[in-house]
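*Asks:* sequence plus predicted model, see below.
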Amino acid sequence: MKKVLVIEDEGRIVRLIRDYLEKEDYKVIDARDGEEGLVAFERQEPALIILDLMLPKKDGLEVAKEIRKESQVPIIMLTAKTEEADRVTGLEIGADDYVTKPFSLRELAARIKAVLRRSEGDLGQQDRIERGELSINPETHQVKLEGEVVDLTPTEFDLLLALARRPGRAFTRKNLLEEIGHYPGENVKRKIDTHVKNLRKKLSTPDERPRFIETVHGVGYRFRKDEGNS
Ligand code: CA
């Protein structure tokens, strides 16, 4: 049974999520403030974390930042409609997705499933992709750049894989969202742009020259076709 850690101070929301996810065969652990959440994360090693933004003691952004220092566990943030800036910051820190309150439990469950499926690399038998100095292994979910492992979140990994599979093809942001199995929600542009920005940062050269992923103006993004020869 997959363990989901819910870090949320509103008991009503925790109960709703728990009741729903238990029926879907997840084991739910909860923590009611940021500090308790970090302790539960260390002890329980959950498969996924649902993280509220506004929390006592330590807010969701701080909690996400600390978790990301040591783990790429999938994180879905819960945010209020008014917390736009924080949502973006959350994605920048490395949250995989966010859900805006009030949310439907079905939507939350769909996102949990999508994120878990991706983090487990449940993509079947697939060959490794080599593009110049970049190597992507769909089976182990490992990415190496010039022989060094690059730590990517499940979302970043799937985005890179989708782009790198078809060098030269221009993807719209909506295409990319579909490719990575995300629930089509609000603010597609912002979400994809933030994940791409994180990815580029992780794949950049020491002088921060962007590599691999090109912007296609008025369309979206593509993987550079000449990258393999560079
Ligand atoms: Ca809260």
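*Replies:* Nice, I can see it. Residues are numbered from 1 along each chain as shown.
*Asks:* and the helices in this structure, which stretches?
*Replies:* 11-23, 34-44, 60-70, 84-93, 105-119, 154-165, 173-179, 188-203 (DSSP state H).
*Asks:* what's opposite Leu5 in the beta bridge?
*Replies:* Ile29, Ile49 (DSSP bridges).
*Asks:* so it makes contact with Tyr26?
*Replies:* No. The pair formed by Leu5 and Tyr26 falls short of the contact definition of C-beta atoms under 8 Å, at 10.5 Å. For every residue, glycine as well, the C-beta is placed using N, CA and C.
*Asks:* which of the helices of the chain sits closest to Val99?
*Replies:* For Val99, the closest of the helices of the chain is helix 105-119, at 5.5 Å, according to C-beta to C-beta.
*Asks:* list the buried ones in that closest one?
*Replies:* Of the residues in helix 105-119, those with enough neighbours to count as buried (16 or more other C-beta atoms under 10 Å) are Leu108, Ala109, Arg111, Ile112, Lys113, Ala114, Val115, Leu116, Arg118, Ser119.
*Asks:* how about stretch 140-149?
*Replies:* Those would be His141, Gln142, Val143, Leu145, for stretch 140-149 by 16+ other C-beta under 10 Å.
*Asks:* ok, of the buried residues of helix 105-119, which one's closest to Leu163?
*Replies:* Distance to Leu163, by C-beta to C-beta, is smallest for Arg118 among the buried residues of helix 105-119, at 14.8 Å.
*Asks:* how many neighbours does the nearest residue to that closest one once chain neighbours are set aside have?
*Replies:* Excluding the flanking residues, the one nearest Arg118 by C-beta to C-beta, 6 or more residues apart in numbering is Pro154, at 4.3 Å. By other C-beta atoms under 10 Å, 24 other residues sit near Pro154.
*Asks:* give the contact list for Pro154.
*Replies:* Gln72, Pro74, Asp96, Val115, Arg118, Ser119, His141 (C-beta atoms under 8 Å, 6 or more residues apart in numbering).
*Asks:* go again with 6 Å.
*Replies:* By C-beta atoms under 6 Å, 6 or more residues apart in numbering, the contact list for Pro154 reads Pro74, Asp96, Val115, Arg118, Ser119.
*Asks:* for Thr215, see how far away the third one is.
*Replies:* This points to Val115. 26 Å (C-beta to C-beta, to the nearest Å).
*Asks:* how about the residues of this structure by the ion?
*Replies:* Contacts of the chain with the ion, taken as C-beta under 5 Å from the ion, map to Asp9, Asp52, Met54.
*Asks:* spatially nearest residue to the residue nearest to the spatial centre of the chain (excluding sequence neighbours)?
*Replies:* For the chain, the residue nearest the mean C-alpha position is Asp96 (2.0 Å; C-alpha atoms, centre = their mean). Of all residues not flanking Asp96 in the chain, Thr155 sits nearest, at 4.4 Å (C-beta to C-beta, 6+ apart).
*Asks:* what's the answer for Gly37, then?
*Replies:* Gly37's closest residue in space is Ile7 (C-beta to C-beta, 6+ apart), at 3.5 Å.
*Asks:* again, but for Glu24
*Replies:* Using C-beta to C-beta, 6+ apart, the closest residue to Glu24 is Ala109 (5.9 Å).
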